[in-house]
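Chemist: mind looking at a prediction? Sequence and model below.
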Amino acid sequence: MVILKKIKASTLMETLVATVLIIIVFMVTSMILNNLFFNTIKNNTTQIDAHLNELQYLYINNELAIPYQDDFNEWDVSVSVYTESNKTIISFEAFNSVTNKKISNYTNEVQ
């Protein structure tokens, strides 16, 4: 007959402590990843950048009447003209009222 050897095992308390530690590590990691994804989505400005580039293209091809104002998703878009040191400057600006973020592009008009 084969004699069974006693195998060392962990107690119930050690198993519970290890399980709780693993759960805590996973919770902290999931919160960090959730925060990273949320901030990435919140700070994504590719759509408004593309819209401003489209407006610049329309202005260059004389298809945009200035002054121009528009709402694009959560962004307030405006195109305006002002003069600074004898140069006419076209200002393409977008302001997000939710995040208080402002994006500006400027174009010098050749006279």
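Modeler: Received, thanks. Residues are numbered from 1 along each chain as shown.

Chemist: for this protein, longest helix please?
Modeler: Using DSSP state H to define each element, the chain has its longest helix at helix 12-42.

Chemist: what residues sit buried inside the helix or strand following it?
Modeler: Downstream of helix 12-42, the first helix or strand assigned by DSSP states H and E is helix 46-60. Applying a neighbour-count criterion of 16 or more other Cβ atoms under 10 Å, one finds 48, 51, 52, 55, 56, 59 buried in helix 46-60. (C-beta placed from N, C-alpha, C; glycine too.)

Chemist: same question, stretch 77-92
Modeler: Residues 77, 79, 90, 92 are the ones in stretch 77-92 that count as buried (16+ other Cβ under 10 Å).

Chemist: what confidence value was assigned to the most centrally placed residue in the chain?
Modeler: Residue closest to the average C-alpha location in the chain (Cα atoms, centre = their mean): residue 43, at 1.9 Å. You'll see residue 43 listed with a pLDDT of 81.

Chemist: how close does it sit to residue 12?
Modeler: 47 Å (Cβ to Cβ, to the nearest Å).

Chemist: for the chain, which spans come out with low pLDDT?
Modeler: Regions of the chain meeting the criterion pLDDT under 70 cover residues 1-2, 7, 108-111.

Chemist: please repeat the previous calculation with a cut-off of 50.
Modeler: Residue ranges of the chain with pLDDT under 50: 111.
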